[in-house]
Each structure stands twice: as structure tokens, then as C-alpha cells.
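Colleague: attaching a predicted model along with its sequence, questions to come.
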Amino acid sequence: MPSHQDDQDAINFQQYWLIVKRRWLLIAIIIGSIFGITSLVTFSQKPIYEAEGKLLFNKQNGVSSLTGVSEQLGQLSGVTNLSNPLETEAEIIRSNPIAQKAIAELQLKDKLGEPLEIDDFLRNLKIKTVRGTDILQLSYRSTSPEEATTIINRLMSAYLQSNVRANRSEATAAREFLNKQLPLVEVKVIEAEAAQRRFKEKYQIVSLEEEAIEGVKRLNELSSQTTQLRAQLVDVRTRSGALQNQLALNTRQAMALSTLSQSKAVQQVLSEYQKVQDELAVERSRFTDDHPIITSLLNKEQALKEQLEGRVTQTLGSSQPVPEQDLQIGELKQALTANLVQVEVERLGLENQVGVLMKAFMLYQARLRILPKLQQQQLQVQRRLQVAQTTYEQMLKRLQEVQVLENQNVGNARIVSEALLPKKPVSPRILLNLALGGFLGFFLAIGAALLLEAGDKSVKTAEEAQHLLEYPLLGIIPVFDQKDRLARGESITELPVVDNPYSSVNAAFEMLQINLGFTFSDKELKVIVISSSVMNEGKSFVAANLAVATAQMGRRVLLIDADMRRPRQHEIWKQPNLMGLSNVLVGQATLAETAKEAVINVELLTAGTMPPNPAALLDSQRMNALLKQAAQNYDCIIIDTPPLSILADASIIGKMADGMLLVARPGVVNSAAAKATKGLLEYSRVPMLGMVVNGVVTDNNDYNYYYSHKNTGKNNSDRKDKIKSSLSKITGLRLL
């Protein structure tokens, strides 16, 4: 099943074919002119011969990159990523010195006998790369095959000589440059070595890697030892606290009591002091306080007390008061006190050890923290030294290579194919030029035709007319070909439905009459106004033939010519126009007296005498009454009216009718008139039945399929007899 897009493409192709048919003369003139000019130019040219030669470029030439320490020796390369070395060499071949040398050696002349200009020489020279290879193809065009061959061979030879000289000069320049730079690079190597030595001496570096490994190992050991000592210190502090709580003494007091209990001087005086106190207690039981013995013992007690305090102060090194009961303690308390003192001594020792280990840990840690910075500095120093050493080694190697290459006669190109004498000319290409001329003429002609069509604002197809007016398309009337009638010497007819009942026009009007019957479903269509946008669209032709097609369906038809300014119906039907519509409207005659039978079931009311104001007559009660009277006497009333864009007559009558049928003819009506007509009809609110497109060029087979076998060997009189016979059967009347 074909798609809508295929249909649209076929329609567009048909439109283009119609454009070609309309503009065939212009297209033929343009194609003929272009083809003729092309042929004239082609056959008037002199034959031109082209000689070709090829140069192969080696990847390594030993010279082109001698000073580039970052590239391979002698490799062809560009300065940027976008440059192509082969294109660079091609530009060298095109350079003025090489071109001028070839012109001078071959003594090339122009048409005037003067030395050939470089621009003219280069215009005939072409250089291109052979795709996928390192080969340049050189070609030169000339009217002389010998000259073209000689120029290519001499040009390649001149380029090779220039290439060798350039390579040797490059090697010499490279050697001189390396001789100057080598001592400077050597100085940089020495400076870099001295900088590395000073750096190691300053930071006392032997091997940063080994030092880092040993430092991490030592930190782990110190951390482990510190952890163990801190655990022991916690244990000692716990025991010290327990002893202090048990003795109710702090560490200083315990040490003082232990010292006093172990001091013989203090204990001797304490013993004598206690003895005096015992004696004093005994004597007080015997004597009073005033007794000399008591007084003597008191004085002795006081003296021993002072002596005891002095020895305590001397023993402790301070004048802190010590209770007498603490100057002499028991063995248990003395043992606990000694144990407390020992524990404190152990605590102090552990704290000192932890402090020493922490200092060592901090020193190692600080050293390890600066190791990354030292490593970075060392890498920078080593990198400078390495770069300097590498540069020195490479430049020394380059110098040795350049010294060898400077004395060699080498280039980076060689001839792989010398130019041979061409046997056939390359220009002009007769068949190609003629084909191009034909194609160019064809496209220019089609373009000119399309351009003229684009500037033509007339409506060209039925689809375009329907798109502009947007009314239902009720029928398409094809162009009636009357060549056969003219060939037989007969006159041109405007009633093909009557004169040629088996034509495509007759079928089209039958379809139009049937489609009109479908416009209203709730009432009968009786009064039809036919008009057009502009003149010469065939509205009168459509009205007359539609009347006949309607009559053939067995209906009585009244055809009224309401175009009082330019009436046409009396000419189509070859009837007199002495009395007509205008006379009926002014009361000079009646409809029954004026309407004349044109064919069976068709009566014609011509326009009549031209009045001074036709619009006033049409827009009157008499016209309305006339139509009502005719509607009672006839089955269908068809009214031919003037064009809508010129006069208002059609709009006036349209309001009195059941509907208006608008005729549009491609090539006659333009888009502006169609839009104006549509606006006028919308403003006047005339009921529209639809539109019919007249004068369309179509394939006659669309309508003649069912008539072709009947149409052969028949003349017009036979066709008229058949029409009368068919109408007699429909109406039941006997026709004469």
C-alpha cells in the first residue's frame, strides 16, 4: 500500500513536470546556449600535455634534526602538530629560487617571447602527495610535451641539489653550535656535582633512604620501650600511693621519719630526753615544782629538747617541726617507711628514663619529618645533575655524528620516477566538457524556470487553489482538447457535455453534479450561484455545462445569465439577447415569455438589455420574487454572475440562493485575488457550496477509461442522437 509520502512525492514530480511544460522554450534556449558555448570553447582550445615525475623522501636524512636533542636523528618532522613535512618540501620546490633557476637554465619564454614569469610557471606546476606514501608527485602542463618533460626533470634535479646544499649547511651550523655549547654544558655539570656535595655535607646525609628506614625502626623501638616504662611507672605510682595512704604520710614526711629513725645522734638525744622525762615524772610525785630537783630536771629536759630540735634540724636540713612520737617509730612503720622511700626512688628513676626516651623519640621524629623535604631537595639537585650529564653526553654524541655527516654529500630525497614524454593530451576533455556543459545548461534552465515560477503569483494547481481558498473541492474540470474538431474543420465548442458526451469533460461535470447533491443533507439544493475571483476563469463555461449535466439527470434546469455587463451565455448557446433578465426585472416581460429552451430540460434566461445600474436591479425584491417563482417551476436554477473581486453582483445574488459555487482556474487567478475573494465571501456571509477547479491539465485516461471503447468511429451527430435517446428514456418525452 503506497504511503502518503509517496503520493506527495508523485504530486511534486507532476508539478515540476507541469513547470517544465510551461517553460519549455526558455529551458531549451538556455540548454542550447550553454551547450553551444561549451562546445565552442572546447574545440577551440589547443591540446595541453602533462608530464609527471615522483620524488621519494626518506624518513631519516641524517641532517634535518641534528640539533634537536629530543627527536630521533634525521627524522622529518614539523614544527607543530598541524604541519606536514611533505607539504613543506612541496613549498620549497615552489620557492622562487628553484623556479627561477629552472626558468633560467631552460630559457623558458612566454607567448610574447619574454622570459617566463615565476607566477606563470607556478600556475602550470602542480605538486601533490601520493596518499599513504612519502612520495611527492610533480606535474607540469604545456602545449609542448617535450617542454613539459624537460621542465619536470630539471626541476627535480634543481631541488635535489638545493636539498644537499641545505643539508650540508645545516650540518655545519649544527657543528659550530655544538662546539660553542659543549663547554658551557660541561661547566653546568661541574656546578651540579658541587651543589650535590654541599647539600650532603650541610645536612649530614649519607643515604636518605636507609636513614628513613633506620629512623622508622628506631622510632618503633623507642615507642615500645616508652610504653613499657610508662606501665612500670604506673605500677610504682600505685604502690607509692597505697603506702602513703597506709602511713598517712606524704613522701617527704616518710623520708624525714626514715632519716630520723636511722640517725644515731637524734636517737641518742631522744633516749636521754625520754629518760629525763621519766625521772621528772617520778620526782614530781615526790616533790613540788619549786624543788631544786624538779627545777634541775626541768632545765635538763629543756636543754635536751633544744638539743633534739637542733639535731633534727641538722639531720633534715630544715627547721620543720616533727612530733616527738614520730621521732622514734616502730619496726613495722619503719619498714613501711623504708619501702615507701624505695618506691619513690624507683618512681623517680622511671620518670627520668621515660623523659630520656621521649627526648630521643622527639629527635628521631623531627628528623623523619624533614626527610621528605630533604629528599625533594636532593631529587632537585640530582635532577639538575642528571639533566646536565645527559645533555652533555647527547651533545658530545651529536658533535661526533655531525663531524661525520658534515663531509657527506647526502640528501633526504631521491627521484623514483623521471618524467616521460606524454603521448595523450590531458586537456581539453571533449566528452567530459560536453557532458558538463549539458548538465550545467540543464540545471541552469531548470533553475531559471523555477525562479520564474517562484516570481509568478498566479495559482498553478488545483491543490494550491484549494489551499488558498479552503473550500471543499467538488470537482476538477480538465482542459477540453479540441484539436480533433479543428482538424475536421469544425468550430470550437464551449459545450463539450452536449457535443462530446464521452469526453473526460463530460465525466468531470457528471462528478461535479453528483458532489453538489451531497452538499446539503437536510434540504434540496435548487438555487446555485456560480462566480469566480477574476475574469477568464471559465465560470460561464462551468455554468452552461453544469446545467446540461444536471438536465441529463432528468431535472428541469433554468440557466440565468446575471452578468449584465459582460454577458456570455447567449454567445455560448448562440441565442439572441434582445430580451432577458434585466427586462424581466423592470417589468417589460415575464419569465415564461423570456426563458428559451436551449436543450432538452434546459431553459436559458439571458442577461437582456444592459441597464445603467445592474446592482440595483439584482438587489431588489423583484429579483428575490423571480427566484422564488423559478424555484416553483424548475428543479434547479443555475445563475451565472460576474467575478467577485470586480463587482458585488455575485455577493448580492448569493444571499438569495441556496449556495455559491466558486470557479478557480490555475494560471489565471493569482494568490492575491484568491485571498481577497475569500475575505469578501467571509465578510458577506454568502453560503458556500464549495469550489470547482477549471482548466486542469490531467491524464485523460482518468475519465476516458469507461468511454474509450465507445468513442471509436463515432461522429458528433451520433453522439447527439444518443443524448436525445437517453434523455427520452429518463423524461418519458419524445424528442424531435
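Modeller: Arrived safely, thanks for sending.

Colleague: list the buried ones in stretch 20-36?
Modeller: Within stretch 20-36, the residues that count as buried by 16 or more other CB atoms under 10 Å are Arg22, Arg23, Ile27, Ile30, Ile31, Ile34, Phe35. Every C-beta, even on glycine, is put in place using the N, C-alpha and C of the backbone.

Colleague: what's the local residue count around the spatially closest residue to the fourth one that is not a sequence neighbour?
Modeller: Right, the one you point to is Ile30. Leaving aside its chain neighbours, Ile30 sits nearest to Ala445 (3.8 Å; criterion: CB to CB, 6 or more residues apart in numbering). Residues lying near Ala445 (other CB atoms under 10 Å) number 22.

Colleague: related to what we said a few turns ago, filter the buried residues of stretch 20-36 down to the ones in helices?
Modeller: Among those, the ones falling in helices (DSSP state H) are Arg22, Ile27, Ile30, Ile31, Ile34, Phe35.

Colleague: now render these as a markdown table, adding distance to Gln513 and pLDDT.
Modeller: A markdown table is the format used below for those (distance: CB to CB, whole Å; pLDDT from 0 to 100):
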| residue | distance to Gln513 | pLDDT |
| --- | --- | --- |
| Arg22 | 31 | 69 |
| Ile27 | 40 | 84 |
| Ile30 | 45 | 87 |
| Ile31 | 45 | 86 |
| Ile34 | 51 | 87 |
| Phe35 | 51 | 82 |
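
Colleague: ok, of the residues you listed, which one's closest to Leu452?
Modeller: Taking CB to CB as the measure, Leu452 lies nearest Arg22 of those, at 9.1 Å.

Colleague: what helix or strand is Leu155 on?
Modeller: Per DSSP states H and E, Leu155 falls inside helix 145-202.

Colleague: wasn't Ala51 part of a strand?
Modeller: Yes: the assignment for Ala51 by DSSP: H, G, I helix; E, B strand; the rest coil puts it in a strand.

Colleague: pull out the buried residues from stretch 558-574.
Modeller: So, applying 16+ other CB under 10 Å, buried residues of stretch 558-574: 558-564, 567-570, 572-573.

Colleague: pairing partners for the helix or strand where Ile476 lies, with directions?
Modeller: If you go by DSSP H and E, Ile476 is part of strand 473-478. Strand 473-478 has its sheet partners listed here by DSSP bridges as strand 688-696 (parallel).

Colleague: what mean pLDDT would you report for the partner strand?
Modeller: Regarding strand 688-696, the rounded mean pLDDT is 89.

Colleague: restricting to C-alpha, output that strand in CSV.
Modeller: C-alpha atoms of strand 688-696 as CSV (Å, rounded to 0.1, in the frame of the first residue of the first chain):
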residue,chain,number,x,y,z
MET,A,688,-20.6,28.4,0.1
LEU,A,689,-21.2,25.1,-1.5
GLY,A,690,-17.6,24.6,-2.5
MET,A,691,-15.2,25.2,-5.4
VAL,A,692,-14.6,23.7,-8.8
VAL,A,693,-11.2,23.9,-10.5
ASN,A,694,-11.4,24.5,-14.2
GLY,A,695,-8.9,24.1,-17.0
VAL,A,696,-6.7,21.5,-15.3
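
Colleague: how far away is the residue nearest to Glu597 when sequence neighbours are not counted from Gly654?
Modeller: In space, Glu597 comes closest to Glu603 once its chain neighbours are excluded; the distance is 5.3 Å by CB to CB, 6+ apart. Glu603 sits at a distance of 22 Å from Gly654 (criterion: CB to CB, to the nearest Å).

Colleague: out of those two, which sits in the busier spot?
Modeller: Comparing Glu603 with Gly654 by other CB under 10 Å, the one with more neighbours is Gly654, at 25 against 22.

Colleague: residues making contact with the strand holding Ile476?
Modeller: Here strand 473-478 makes contact (CB atoms under 8 Å, 6 or more residues apart in numbering) with 462, 466, 504-505, 508-509, 511-512, 515-516, 519, 538, 542, 661, 689-698, 700, 703.

Colleague: give the other helices and strands that the helix or strand the residue nearest to Ile30 falls within contacts.
Modeller: Assigned by DSSP H and E, Ala445 falls within helix 430-455. Using 3 or more CB pairs under 8 Å, 6 or more residues apart in numbering; DSSP states H and E, the elements in contact with helix 430-455 are helix 4-22, helix 24-44.

Colleague: hey, least reliable of those by pLDDT?
Modeller: helix 4-22 (a mean of 61).

Colleague: quick one, what contacts the closest residue to Gly438 other than its chain neighbours?
Modeller: Spatial nearest neighbour of Gly438, excluding adjacent residues (CB to CB, 6+ apart): Phe35 at 5.5 Å. Counting by CB under 8 Å, 6+ apart, Phe35 makes contact with Leu434, Gly437, Gly438, Gly441.

Colleague: for stretch 540-558, the averaged confidence score.
Modeller: For stretch 540-558, the mean pLDDT works out to 93.

Colleague: any buried residues in it, and which?
Modeller: Buried positions in stretch 540-558, judged by neighbour count with 16+ other CB under 10 Å: 540-553, 555-558.

Colleague: looking at those, which are in helices?
Modeller: Cross-referencing those against helices under DSSP H gives Ser540, Phe541, Val542, Ala543, Ala544, Asn545, Leu546, Ala547, Val548, Ala549, Thr550, Ala551.

Colleague: dump those to a markdown table, plus distance to Leu681.
Modeller: Shown next, in a markdown table, are those (distance: CB to CB, whole Å):
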| residue | distance to Leu681 |
| --- | --- |
| Ser540 | 20 |
| Phe541 | 21 |
| Val542 | 17 |
| Ala543 | 18 |
| Ala544 | 23 |
| Asn545 | 23 |
| Leu546 | 20 |
| Ala547 | 23 |
| Val548 | 27 |
| Ala549 | 25 |
| Thr550 | 23 |
| Ala551 | 28 |
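
Colleague: so the residue nearest to Ile30 sits against Ile31, correct?
Modeller: Yes: at 5.0 Å, Ala445 and Ile31 qualify as touching, with contact defined as CB atoms under 8 Å.

Colleague: how far does stretch 414-421 stretch from one end to the other?
Modeller: Criterion CA to CA, to the nearest Å; first-to-last residue distance in stretch 414-421 is 20 Å.

Colleague: and that stretch, how far out from the chain's middle?
Modeller: Centroid displacement of stretch 414-421 relative to its chain, using CA atoms, centre = their mean, to the nearest Å, is 47 Å.

Colleague: show residues contacting that stretch.
Modeller: 51-56, 58, 135, 138, 140, 145-146, 148-149, 152-153, 156-157, 160.

Colleague: could you turn the buried ones of those into a ChimeraX selection?
Modeller: Applied in ChimeraX, the following selects the buried portion of the contacts of stretch 414-421 according to 16+ other CB under 10 Å:
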select :51,52,53,54,55,58,135,138,140,145,148,149,152,153,156,157,160
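
Colleague: where do the helices sit along the stretch 351-500 of the chain?
Modeller: Taking DSSP state H, counting those that start in this stretch as the test, the helices found in the stretch 351-500 of the chain are 430-455, 462-469, 483-487, 496-499.
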